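Enquirer: dropping a prediction and its sequence here:
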Amino acid sequence: MTPADLADAVLAAVRAAVDSGDLDVAVPGDVKVERPKNREHGDYATSLPLQLAKPARRPPREVAETIAKPLRETPGVASVDIAGPGFLNITLEPGAQGELARTVVAADEDYGRTSTMAGQRINLEFVSANPTGPVHIGAVRWAAVGDALARVLTASGAEVTREYYFNDAGSQIDRFGRSLMAAAQDKPTPEDGYAGAYIDDIAKQIVASRPDIFDRGDEAAQQQFRAAGVDLMFAEIRDSLADFGVTFDVYFNEKELHEKGELDAALERLRSHGHVFEEDGAVWLRTTTFGDDRDRVLVRTGGEPTYFLADCAYYLDKRERGFDRCIYLLGADHHGYVGRLRAVAACFGDDPDRTLEVLIGQLVNLVRDGEPVRMSKRAGDYVALVDMVDAIGADAARYALARYSSDSPIDLDLDLWTRHTNDNPVYYVQYAHARVASLLRNASELAIPLGDPDAFRPELLGHDREGDLLGALGEFPRVVATAAELREPHRVARYLEELAGTYHRFYDVCRVLPRGDEETTDLHRARLWLVEATRVVLRNGLALLGVSAPERM
RNA sequence: GCGCCCGUAGCUCAGCGGAUAGAGCAGCGGACUUCUAAUCCGCCGGUCGCAGGUUCGAUCCCUGCCGGGCGCGCCA
């Protein structure tokens, strides 16, 4: 019996109580059934009676009794106690609890998948770093978290498109092109230009592949530096992200918006909705109508469109591609965008609460030898994605970035995440998986197969540590669904750390394989099912974070 | 000044209104002839920033204050 099954049983009990006239209340849509910290409070507990007491106009403990009565009749439920002010403490039959191992093994890669978000078409835009330099650490947080988020959303039934908005138009690209040309000519970096070793590298590559680049004058040369530079930079960005395990379904070019006339189309659309006005020779969008703190310029006095107008066109483009929800993952230094983006959606006639979501990730600082590592794309002495992967490996980097709530700023100590010790949570989890894998290898060498599922005797898994492990395994689908719903993939990492600990503690006291010439008993086999189920969940969970599940360490 | 985020054990952080607030690290003390000790067990450690409010019940929701981070361009 899974927690979801039990939740259904509780709701069925409420319905039964209502049908029999014992209770007069609207049956809730879902119910929270949780594992109590204290084992004396049963295998599962719910505070539903406390919540129903007021609408039912009855004392909580009375409500609890009316629900408990039919719930006790549920197959697999051993006992239901009423505790405290009106909690229901539920104890399962040993077999019903152990049954979960079979469920998990049977579901295998699908264990953890739910349909809580079925039918939702989500556009998830993240990283979107400008192609004027390598991906820096701030964007890497979202590469790790965004990709994990995409995975938990998908696991919950949503249809997700990972998208990278590629700003290949605008003045920063001009500055990039000028910087490359200056580097190629050994001239100093232009004012507001980009500097750093990568500029020299790219400039050299371009000159090497086009020795005649300066033949048709500076203007033509700069065009080429710009175009070729963006291509090379973009290829580098895409490769470094791929090495990090992150690939996008759509790389969207800003240039395309300009070339297809989507900026004008968006402007007309906004005008038709009556939110556009002219002032001081510029064209503005009245975003303050929808809560932005100031109105925004769409077209400058000189007739040049702003980056903001491209943002409007891009949003419209996403909506016209059929996404019901556009999620933007931005760094804290861009949180000022939230108000205007929401206003954009509203100006197009959308309800921003429904169609748009902006998630803000606080800043990441890298620390090395106790000293903060400076990051600046301009100065060129920043730590890039590739540096971080070189320093601590893709697994540790992804895990380190994904295990914290995006709401809190983090200092990542490169030394710590390099260590192969217990301080390093990714090793703790991966080690648990390697230990499981090793045990299963030994089982197979001893020719002890899991055997026929019908021969599995779940009621033998009655040890406290087995119960703890089964309970933890049962939580997984709900953890994933919650991570998706709240857009908080770090919950998966924290869960895995707990599961790993629960497994280590089980392993410590519950011998799984027969020793020496011991007979293989049904208990050995039952525990093997439990271990196999643990393997499935650790592997599936790590996969959601994009972290490998090693067979050996 | 306005806006967003944060404030929980010595440190780094979990905890989407429930029972006695948790984990890792650090500190102290234990467990390896036994399936991977990259592990496990015990001890030590808290006015959940402060003050009000809502609630049967608040670390969680609301208001104000204090402290810290970030942001407030016809830049991108």
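Expert: Great, that's in hand.

Enquirer: residue A:327 sits in which helix or strand?
Expert: Using DSSP states H and E, residue A:327 sits within strand A:325-331.

Enquirer: how about the helices in the stretch 151-300 of chain A?
Expert: Per DSSP state H, counting those that start in this stretch, the stretch 151-300 of chain A carries helices over the ranges A:171-184, A:197-209, A:217-243, A:254-259, A:262-272.

Enquirer: residues touching the residue nearest to the spatial centre of chain A, list them.
Expert: Centroid-nearest residue in chain A, with CA atoms, centre = their mean: residue A:149, separated by 2.0 Å. By CB atoms under 8 Å, 6 or more residues apart in numbering, the contact list for residue A:149 reads A:124, A:329, A:483, A:484, A:487, A:489. Just so you know, the C-beta spots here come from the backbone N, C-alpha and C atoms, and that holds for glycine as well.

Enquirer: same question, residue A:95
Expert: A:76, A:457, A:458, A:459.

Enquirer: among those, which are within reach of RNA strand B?
Expert: When contact is defined as CB under 7 Å from any atom of the strand, the contacts of residue A:95 do not meet RNA strand B at all.

Enquirer: burial check on the closest residue to RNA strand B within the stretch 101-250 of chain A, number of neighbours?
Expert: Among all residues of the stretch 101-250 of chain A, residue A:170 sits closest to RNA strand B, at 3.0 Å; criterion: CB to the nearest atom of the strand. Residues lying near residue A:170 (other CB atoms under 10 Å) number 17.

Enquirer: equivalent analysis for residue A:208, please.
Expert: Residue A:208 - counted by other CB under 10 Å - has 9 other residues nearby.

Enquirer: again with residue A:533
Expert: There are 26 residues near residue A:533, going by other CB under 10 Å.

Enquirer: excluding sequence neighbours, find me the nearest residue to it.
Expert: Using CB to CB, 6 or more residues apart in numbering and skipping residues adjacent in sequence, the residue nearest residue A:533 is residue A:104, 3.8 Å away.

Enquirer: so the one you found is in which element?
Expert: Using DSSP H and E, residue A:104 falls in helix A:94-107.

Enquirer: can you name the next helix or strand after the least confident helix or strand in chain A by mean pLDDT?
Expert: The least trusted helix or strand in chain A, going by mean pLDDT, DSSP states H and E, turns out to be strand A:371-373, with a mean of 69. Per DSSP H and E, the first helix or strand lying C-terminal to strand A:371-373 is helix A:385-392.

Enquirer: so that following helix, near RNA strand B or not?
Expert: No: figure legend: helix A:385-392 not in contact with RNA strand B (CB under 7 Å from any atom of the strand); closest approach 12.8 Å.

Enquirer: show the residue spans covered by the strands in chain A.
Expert: Shown for chain A, the strands assigned by DSSP state E span residues A:44-46, A:77-83, A:87-92, A:121-125, A:159-166, A:250-253, A:276-279, A:282-285, A:296-299, A:325-331, A:356-361, A:364-368, A:371-373, A:410-413.

Enquirer: dump these into JSON lines; add distance to RNA strand B and mean neighbour count as well.
Expert: What follows is the strands of chain A, written out as JSON lines (distance: least, CB to the nearest atom of the strand, whole Å; neighbours: other CB atoms under 10 Å):
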{"stretch": "strand A:44-46", "distance to RNA strand B": "3", "mean neighbour count": "23"}
{"stretch": "strand A:77-83", "distance to RNA strand B": "4", "mean neighbour count": "17"}
{"stretch": "strand A:87-92", "distance to RNA strand B": "4", "mean neighbour count": "22"}
{"stretch": "strand A:121-125", "distance to RNA strand B": "15", "mean neighbour count": "22"}
{"stretch": "strand A:159-166", "distance to RNA strand B": "11", "mean neighbour count": "22"}
{"stretch": "strand A:250-253", "distance to RNA strand B": "13", "mean neighbour count": "17"}
{"stretch": "strand A:276-279", "distance to RNA strand B": "6", "mean neighbour count": "12"}
{"stretch": "strand A:282-285", "distance to RNA strand B": "4", "mean neighbour count": "20"}
{"stretch": "strand A:296-299", "distance to RNA strand B": "4", "mean neighbour count": "21"}
{"stretch": "strand A:325-331", "distance to RNA strand B": "8", "mean neighbour count": "21"}
{"stretch": "strand A:356-361", "distance to RNA strand B": "5", "mean neighbour count": "20"}
{"stretch": "strand A:364-368", "distance to RNA strand B": "9", "mean neighbour count": "18"}
{"stretch": "strand A:371-373", "distance to RNA strand B": "11", "mean neighbour count": "12"}
{"stretch": "strand A:410-413", "distance to RNA strand B": "5", "mean neighbour count": "18"}
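
Enquirer: lowest average confidence across these, which one?
Expert: Mean pLDDT per stretch puts strand A:371-373 lowest among the strands of chain A, at a mean of 69.

Enquirer: surely residue A:33 and residue A:1 touch.
Expert: No: between residue A:33 and residue A:1 there is no contact under CB atoms under 8 Å: 10.8 Å.

Enquirer: which non-adjacent residue is nearest residue A:227?
Expert: Nearest non-adjacent residue to residue A:227, counting by CB to CB, 6+ apart: residue A:177, 8.0 Å away.

Enquirer: okay, the angle between the strand holding residue A:327 and strand A:121-125?
Expert: If you take axes from the mean of the first three to the mean of the last three CA atoms, to 10 degrees, strand A:325-331 sits at 20 degrees to strand A:121-125.

Enquirer: returning to what we had before: contacting residues for the residue nearest to residue A:533?
Expert: Residues counted as contacts of residue A:104 (CB under 8 Å, 6+ apart) are A:111, A:473, A:533, A:536, A:537.

Enquirer: could you check the pLDDT of it?
Expert: Looking at residue A:104, its pLDDT reads 97.

Enquirer: and residue A:351, by the same measure?
Expert: Confidence score, pLDDT, at residue A:351: 93.

Enquirer: flag the shaky bits of the stretch 301-450 of chain A, pLDDT-wise.
Expert: A:369-382, A:422 (pLDDT under 70).
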